[in-house]
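Undergrad: how would this look folded up:
(chains A, B and C)
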Amino acid sequence: MISFSQIAAETNLEIVGRDISISNISDPVKALEDEAIFIIQKKTLNDKYIIRSKAWIINKTLFNPDLSDFLDRTQVSYIVSDDIYETFIKVIQLFHPNSQPAPFIHPSAVISELTVCEGMVHVGPHVTIGAHSHIGSQVTVMANSFIGNNVQLGDNTVIYPNVTIYDNSWIGQNVIIHAGTVIGSDGFGYYKQKDRHKKIPHVGKVVVEDDVEIGSNCTIDRGTLGETRIMRGSKIDNLVQIAHNVIIGQNTLIAAQSGIAGSTTIGDSVTIAGQVGIVGHITVGNNVTIGAQSGVISSIGDGETVSGYPARNHAESLRKEAYIRKIPEILKKLKQKPDK
Amino acid sequence: MISFSQIAAETNLEIVGRDISISNISDPVKALEDEAIFIIQKKTLNDKYIIRSKAWIINKTLFNPDLSDFLDRTQVSYIVSDDIYETFIKVIQLFHPNSQPAPFIHPSAVISELTVCEGMVHVGPHVTIGAHSHIGSQVTVMANSFIGNNVQLGDNTVIYPNVTIYDNSWIGQNVIIHAGTVIGSDGFGYYKQKDRHKKIPHVGKVVVEDDVEIGSNCTIDRGTLGETRIMRGSKIDNLVQIAHNVIIGQNTLIAAQSGIAGSTTIGDSVTIAGQVGIVGHITVGNNVTIGAQSGVISSIGDGETVSGYPARNHAESLRKEAYIRKIPEILKKLKQKPDK
Amino acid sequence: MISFSQIAAETNLEIVGRDISISNISDPVKALEDEAIFIIQKKTLNDKYIIRSKAWIINKTLFNPDLSDFLDRTQVSYIVSDDIYETFIKVIQLFHPNSQPAPFIHPSAVISELTVCEGMVHVGPHVTIGAHSHIGSQVTVMANSFIGNNVQLGDNTVIYPNVTIYDNSWIGQNVIIHAGTVIGSDGFGYYKQKDRHKKIPHVGKVVVEDDVEIGSNCTIDRGTLGETRIMRGSKIDNLVQIAHNVIIGQNTLIAAQSGIAGSTTIGDSVTIAGQVGIVGHITVGNNVTIGAQSGVISSIGDGETVSGYPARNHAESLRKEAYIRKIPEILKKLKQKPDK
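TA: Numbering: from 1, shown residues only, chains lettered A, B, ... in the order given. Sure, this is the predicted structure:
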């Protein structure tokens, strides 16, 4: 239990109403009386009559005299924050302190003598780490993960279980790679010799820069000769496919099940929704937004918003849908007119 | 070898024709003379002249005097079942008895002393199980799987190899989780601070209720605060993505490569075909059917059948396609008319 | 360092210009002066003025007097190849010799005494291999992979880390299976008993023939009774789903994130682009090409090229898009005409 006043103190905010003991933070509709809740979005206030919690932490942009009256009447204590996500993170950390695993190398882990592990490293059971790799300080490699030869893992990086990192991959600092993801497998490259497909060797590598997070069961192929690169601060959801020699810019978001074909370059601060497909050998500019399930088949300039298949300007995609809906009307009109 | 009469006896059905020794059950067209076959769907009878098997087990709804004559003439012995799938399962089990692995904990498995394993548990090589977890009786955890801290695995549950279950996940009884699946990774949640995406900690959990089956290489994210829940009896195919705080009702089917975005609720007895995408924060009612590759962008009421992108009533989707096919005719008609 | 003349000698080609020491091969635009580059496609020549490399290996079809002049003027040494991919592979192997891992079975691997490993096998740490399996000569099974009971791995096959191969799978010679892939999990088959979905046991198997390559995190389900089969020389990219009882012909290519539903047969030399969905129980002929993100809902004859949803003849798909773009014009024309 943490008192509501202690939460206020830890977040440098003021409490209005009486102090109460808080057992946890919870979803607004499900919270019990002694669980604190966050009101971040306006629609959450639609549920205000059924919320049981007596400890609300409220986004300042939603706070107004009416809400203040309501809270007073229903004897809810509250905190108002003008940086609600920052407050949210701080409060979560109060209840769920970051449990950095203790520095420890499990005796079942198999680590080449030719690899250097810096201080404070945590390596779980059944991990395998090849030769000539370098494991930075405070790195965590969880159970059953495989790190190949000549791999770099930067400081503070966390590798969840059952991850595979092929030889020669370069992973920066503060990177998070979730379970089951594969970094550095061969690109899908063949050439035809008579009827057969002959494999083009892939001898490039994958570079994942600092502060990148990659979800579960993703696949990121190595470059044929050069590199596949995910630049600083980009975040990738689950089951995403990044083909050989793709470059992803900085601070770009890629939602689940999207795929980017070989040698395509994606800019900075791009948002790619779920299940998007992007063909190979094109360029997507900076600050582009791509709608869910879009099929992108040609390059996109900076700042555009596209959707549909083939992906085009979002407004145009909506117009196309509107056009199709007009066909019955056209048919009706044509019937009304006498043929020659 | 099992005699056809023994098969009849074990399934409480009658054999017509002479008894024969059966070596196996097989696909109708590929079966040898001494392999039993199942006639479940009408179209299988199209192949009746090329089927070599002399031992047929026939869905009662397909049986009629003509078929009876044919079988007599070609000296095929047969069994007619009015619960053909039930019979199918019983006969498969005769030839392929369930091989529940022997209770055994492999010495290479690393299990925290703070975790309780009930009786008759099978734990394969190189498994890792964290602290404060509870492994129910007759649970199987196959090789190289990782079970985190504070995880519950209910009785009779089977975890195939290379599965990852993050901390705090709750898995019910008689659950099957196929290889490579990841349960409980962090949801894809960030907020923007200047140009950067700052991670929202995910401290919720995943609940998988009894009798759920989850295919290979799926990803099911934990709730941000609350839970992601797959309710009793639902079945999920391979490579499916379930985002944070999604609720899947009872007895729902989700085919391969579909994805459901955050905080969406899916009802009971819903059928979701392959490669469907469903956006976040919507509700799909009970008994809904969603066609393959649909993109669902708004809530769907009980009992509807939808398809296409954006997903709409299936009949309407078909109409849309028909409209588009009428455009050439419209163009032709317009040409015939003299302009003013 | 390898001299350019040595590269010419090893590939049986002639060097034009002076001999130089080559440090590596690299992408044309990124290469340093002493890195050799390959000019395989015409568009690479667009960059000819910014390429720093002084050692070019050029596809004969792109070579002409103009290029010859340019190379002479800029003092670039070059080799012309009439089998550029063959030359490419040979040169890559000069710089990156195939490092067949040394024959070795890591002591942490758990291999049933009832399994036979032929000579020159490499088995990495934490591998598990079940009973009655057969591991061919010169097979590599990398760390943390699981091979079930009664599995066949043919000679020279390579299994990357964290792969799961279920019981009874049959894998041919010279097969490559990338990390995280699952072979042989149960098909998605249930029948309804009242409201519940009852599992149909899957007792068939998966057969992967010689010279097949399968990418990372794919899922290939076993047959219900019979088999799922990937025939000789086919190549499968990452995150691909192959359902129960699917047959893939010879030398077929399947790009990332595509999925094929149960009991469908795909012909020889088919090309399936990324994110394609193919329904169950249909036949796709030989030499078919299927465009990215297509939804194939009915059988396709030999040699066709299809795209879109529902997938149809590619020319027809393009026409459909053109028709939709005509609607505004139709509406305009109709407005110009006076109503009756």
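
Undergrad: For the stretch 201-340 of chain A, what lies in contact range of chain B?
TA: A:211, A:213, A:215-217, A:233, A:235, A:237-239, A:250-251, A:253, A:255-257, A:269, A:274-275, A:292-293, A:308, A:321, A:324, A:327-328, A:330-331, A:334, A:337, A:339-340 (CB under 8 Å from any CB of the partner chain). Just so you know, the C-beta spots here come from the backbone N, C-alpha and C atoms, and that holds for glycine as well.

Undergrad: Are any of those buried, and if so which?
TA: A:211, A:213, A:215-217, A:233, A:235, A:237-239, A:250-251, A:253, A:255-257, A:269, A:274-275, A:292-293, A:308, A:324, A:327, A:330, A:334 (16 or more other CB atoms under 10 Å in any protein chain shown).

Undergrad: What lies in contact with the top helix by length along chain A?
TA: Using DSSP state H, we find that the single longest helix of chain A is helix A:314-336. If you take CB atoms under 8 Å, 6 or more residues apart in numbering or on different chains as the criterion, helix A:314-336 is touched by A:289, A:291, A:305-308, A:311-312, B:310, B:320, B:323-324, B:326-327, B:330, B:333-334, C:324, C:327-328, C:330-331, C:334, C:339-340.

Undergrad: try it again with 7 Å
TA: A:291, A:305-308, B:320, B:323-324, B:326, B:330, B:333, C:324, C:327-328, C:330-331, C:334, C:340 (CB atoms under 7 Å, 6 or more residues apart in numbering or on different chains).

Undergrad: same thing with stretch A:192-202?
TA: So stretch A:192-202 is contacted by A:186-187, A:189-191, A:222, A:224, A:244, C:85, C:88-89, C:92-93, C:96, C:213, C:233, C:235, C:251, C:253, C:269 (CB under 7 Å, 6+ apart).

Undergrad: what do you get if the cut-off is 6 Å, keeping everything else the same?
TA: Identification of contacts with stretch A:192-202 by CB atoms under 6 Å, 6 or more residues apart in numbering or on different chains yields A:D186, A:G187, A:G189, A:Y190, A:Y191, A:R222, A:T224, C:I92, C:G233, C:K235, C:N251.

Undergrad: Take the residues you listed and keep only those in strands.
TA: With strands taken from DSSP state E, the overlap with the contacts of stretch A:192-202 comprises A:Y190, A:Y191, C:K235.

Undergrad: Is it possible to get CSV of these that adds distance to C:D72?
TA: Listed next are the ones in strands among the contacts of stretch A:192-202 as CSV, based on distance: CB to CB, whole Å:
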residue, distance to C:D72
A:Y190, 35
A:Y191, 29
C:K235, 40
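
Undergrad: so which of those residues comes closest to A:G180?
TA: Comparing the ones in strands among the contacts of stretch A:192-202 against A:G180 with CB to CB places C:K235 closest, at 22.4 Å.

Undergrad: need the residues of chain A near chain C, please.
TA: The interface of chain A toward chain C, taken as CB under 6 Å from any CB of the partner chain, is made up of A:110, A:126, A:128, A:144, A:146, A:162, A:164, A:180, A:182, A:185, A:188, A:190-191, A:195-197, A:201, A:203, A:217, A:219, A:225-226, A:241, A:259, A:277, A:295, A:320, A:323, A:330, A:333.

Undergrad: C:S3 versus A:D210, what's the distance?
TA: Distance, A:D210 to C:S3, using CB to CB, to the nearest Å: 39 Å.

Undergrad: what's the answer for A:E10, then?
TA: Between A:E10 and C:S3 the computed distance is 67 Å (CB to CB).

Undergrad: and if you look at A:V284?
TA: Distance from A:V284 to C:S3, by CB to CB: 41 Å.

Undergrad: Neighbour count for the two, which is higher?
TA: A:V284 (26 against 14; other CB atoms under 10 Å in any protein chain shown).

Undergrad: what sits against the spatially closest residue to A:T128 that is not a sequence neighbour?
TA: Once flanking residues are discounted, A:T128 sits nearest to C:A143: 3.9 Å by CB to CB, 6 or more residues apart in numbering or on different chains. Taking CB under 6 Å, 6+ apart, we find C:A143 in contact with A:T128, A:F146, C:G124, C:P125, C:H126, C:P161.

Undergrad: Tell me which residues touch A:F188, please.
TA: Counting by CB under 6 Å, 6+ apart, A:F188 touches C:D237.

Undergrad: pLDDT wise, what is it at?
TA: pLDDT recorded at A:F188 is 97.

Undergrad: Roughly how far does A:G233 sit from chain C?
TA: 23 Å (CB to the nearest CB, to the nearest Å).

Undergrad: Tell me which residues touch that residue, please.
TA: Contacts of A:G233 by CB under 6 Å, 6+ apart are A:D211, A:Q250, A:N251, B:R196.
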